[in-house]
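> Any chance you can model this:
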Amino acid sequence: TPGSIAWAAIIAIFLLSPDIEFQKSGLGKSSGINYKDLFYHYKKLLLTKWDSRRIQTIVQNINCEVFSSAKSSASGPAGQEDHSSKIIHAMNALDMDSDSESDVPMPSSTA
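Numbers count the residues shown, from 1 in each chain. Below you'll find the model as predicted:
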(Lines give C-alpha, C1' and ligand atoms only; values in the text may rest on other atoms or scores of the structure.)
Protein backbone atom coordinates (compact mmCIF):
# COMPACT_ATOMS: atom_id res chain seq x y z
CA THR A 1 0.00 0.00 0.00
CA PRO A 2 1.15 3.58 -0.45
CA GLY A 3 1.40 4.09 3.32
CA SER A 4 3.60 1.03 3.75
CA ILE A 5 5.94 2.09 0.97
CA ALA A 6 6.16 5.64 2.35
CA TRP A 7 6.81 4.25 5.85
CA ALA A 8 9.60 1.99 4.56
CA ALA A 9 11.21 4.94 2.78
CA ILE A 10 11.11 7.04 5.96
CA ILE A 11 12.60 4.19 8.00
CA ALA A 12 15.43 3.85 5.46
CA ILE A 13 16.12 7.60 5.66
CA PHE A 14 16.02 7.47 9.47
CA LEU A 15 18.45 4.53 9.61
CA LEU A 16 20.90 6.40 7.38
CA SER A 17 20.58 9.61 9.38
CA PRO A 18 22.46 10.60 12.54
CA ASP A 19 19.17 10.60 14.50
CA ILE A 20 18.85 8.03 17.27
CA GLU A 21 15.13 8.34 18.06
CA PHE A 22 11.88 9.62 16.62
CA GLN A 23 10.66 12.76 18.33
CA LYS A 24 6.92 13.31 18.91
CA SER A 25 7.15 16.37 16.70
CA GLY A 26 8.39 14.24 13.79
CA LEU A 27 11.54 16.37 13.52
CA GLY A 28 14.95 14.68 13.65
CA LYS A 29 16.91 16.08 16.58
CA SER A 30 20.36 15.79 14.97
CA SER A 31 19.50 15.93 11.27
CA GLY A 32 16.62 18.40 11.32
CA ILE A 33 14.72 16.11 8.92
CA ASN A 34 10.97 16.50 9.29
CA TYR A 35 10.06 12.79 9.07
CA LYS A 36 6.37 13.42 9.62
CA ASP A 37 6.02 15.87 6.74
CA LEU A 38 8.25 13.73 4.54
CA PHE A 39 6.07 10.68 5.20
CA TYR A 40 2.87 12.56 4.30
CA HIS A 41 4.53 14.03 1.20
CA TYR A 42 5.67 10.57 0.00
CA LYS A 43 2.29 9.02 0.75
CA LYS A 44 0.43 11.80 -1.10
CA LEU A 45 2.77 11.44 -4.07
CA LEU A 46 2.22 7.68 -4.17
CA LEU A 47 -1.56 8.04 -3.87
CA THR A 48 -1.84 10.64 -6.61
CA LYS A 49 0.51 8.82 -8.99
CA TRP A 50 -0.47 5.25 -7.99
CA ASP A 51 -1.67 4.26 -11.46
CA SER A 52 1.38 5.64 -13.24
CA ARG A 53 3.72 3.22 -14.97
CA ARG A 54 6.71 4.20 -12.81
CA ILE A 55 4.92 3.70 -9.49
CA GLN A 56 3.43 0.40 -10.65
CA THR A 57 6.91 -0.77 -11.72
CA ILE A 58 8.23 0.08 -8.25
CA VAL A 59 5.32 -1.76 -6.61
CA GLN A 60 5.87 -4.82 -8.82
CA ASN A 61 9.58 -4.84 -7.94
CA ILE A 62 8.82 -4.60 -4.22
CA ASN A 63 6.21 -7.36 -4.46
CA CYS A 64 8.62 -9.56 -6.39
CA GLU A 65 11.44 -9.06 -3.87
CA VAL A 66 9.31 -9.38 -0.75
CA PHE A 67 6.80 -12.03 -1.68
CA SER A 68 8.82 -14.24 -4.00
CA SER A 69 11.37 -14.83 -1.23
CA ALA A 70 8.51 -15.59 1.18
CA LYS A 71 7.14 -18.19 -1.25
CA SER A 72 10.50 -19.88 -1.64
CA SER A 73 11.13 -19.98 2.12
CA ALA A 74 7.61 -21.28 2.77
CA SER A 75 8.33 -24.37 0.72
CA GLY A 76 11.36 -25.01 2.91
CA PRO A 77 14.96 -25.59 1.97
CA ALA A 78 15.69 -28.76 0.05
CA GLY A 79 16.59 -31.74 2.17
CA GLN A 80 14.84 -30.59 5.35
CA GLU A 81 12.20 -32.83 6.87
CA ASP A 82 8.77 -31.43 7.65
CA HIS A 83 8.17 -31.79 11.40
CA SER A 84 4.88 -29.91 11.54
CA SER A 85 2.74 -33.02 12.13
CA LYS A 86 4.98 -34.06 15.05
CA ILE A 87 4.76 -30.56 16.53
CA ILE A 88 0.98 -30.52 16.19
CA HIS A 89 0.78 -33.96 17.81
CA ALA A 90 2.95 -32.81 20.74
CA MET A 91 0.89 -29.62 21.19
CA ASN A 92 -2.33 -31.63 21.18
CA ALA A 93 -0.88 -33.97 23.82
CA LEU A 94 -0.01 -30.95 25.98
CA ASP A 95 -3.54 -29.62 25.58
CA MET A 96 -4.97 -32.98 26.60
CA ASP A 97 -2.71 -33.09 29.68
CA SER A 98 -3.80 -29.63 30.78
CA ASP A 99 -7.47 -30.48 30.21
CA SER A 100 -7.28 -33.63 32.34
CA GLU A 101 -5.44 -31.75 35.13
CA SER A 102 -8.14 -29.11 35.30
CA ASP A 103 -10.75 -31.81 35.92
CA VAL A 104 -8.93 -33.08 39.01
CA PRO A 105 -9.56 -31.00 42.13
CA MET A 106 -6.47 -29.43 43.70
CA PRO A 107 -5.55 -30.80 47.13
CA SER A 108 -6.41 -28.50 49.98
CA SER A 109 -3.46 -27.04 51.89
CA THR A 110 -5.49 -26.88 55.10
CA ALA A 111 -5.27 -30.36 56.58
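
> use CA for all of it now, contacts and neighbours both
Will do.

> what about the helices in the chain?
For the chain, the helices defined by DSSP state H cover 2-16, 35-48, 53-74, 84-103.

> contact partners of the shortest one?
Read that as helix 35-48. Defining contact as C-alpha atoms under 8 Å, 6 or more residues apart in numbering, one finds that helix 35-48 is touched by Pro2, Gly3, Ile5, Ala6, Trp7, Ile10, Phe14, Ser25, Gly26, Leu27, Gly28, Ile55.

> which stretch in the helices of the chain has the least confidence?
The minimum mean pLDDT among the helices of the chain belongs to helix 84-103 (a mean of 60).

> Distance check, the closest residue in space to Gln56 that isn't next to it in sequence against Trp7.
With sequence-adjacent residues excluded and distances taken as C-alpha to C-alpha, 6 or more residues apart in numbering, Gln56 is closest to Trp50, at 6.8 Å. Using C-alpha to C-alpha, to the nearest Å, one gets 16 Å for the distance from Trp50 to Trp7.

> Neighbour count for the two, which is higher?
Neighbour comparison, Trp50 and Trp7: the larger count goes to Trp7, with 19 against 16 (by other C-alpha atoms under 10 Å).

> what sits against that one?
Trp7 neighbours (C-alpha under 8 Å, 6+ apart): Phe39.

> Need the contact partners of stretch 56-70.
Residues from elsewhere that reach stretch 56-70, judged by C-alpha under 8 Å, 6+ apart: Trp50.

> What are the buried residues along that stretch?
Using 16 or more other C-alpha atoms under 10 Å as the burial criterion, the residues of stretch 56-70 that qualify are Val59.

> Report how many residues lie close to the closest residue to Lys49 other than its chain neighbours.
Spatial nearest neighbour of Lys49, chain neighbours left out: Ile55 (6.8 Å); criterion: C-alpha to C-alpha, 6+ apart. Summarising burial for Ile55: neighbours were counted as other C-alpha under 10 Å, giving 16.

> Kindly state the pLDDT recorded for the closest residue to Gln23 other than its chain neighbours?
Leaving out its chain neighbours, the residue that sits closest to Gln23 by C-alpha to C-alpha, 6+ apart is Lys29, at 7.3 Å. Per-residue confidence at Lys29 stands at 92 (pLDDT).

> Thanks again, I'm all set now.
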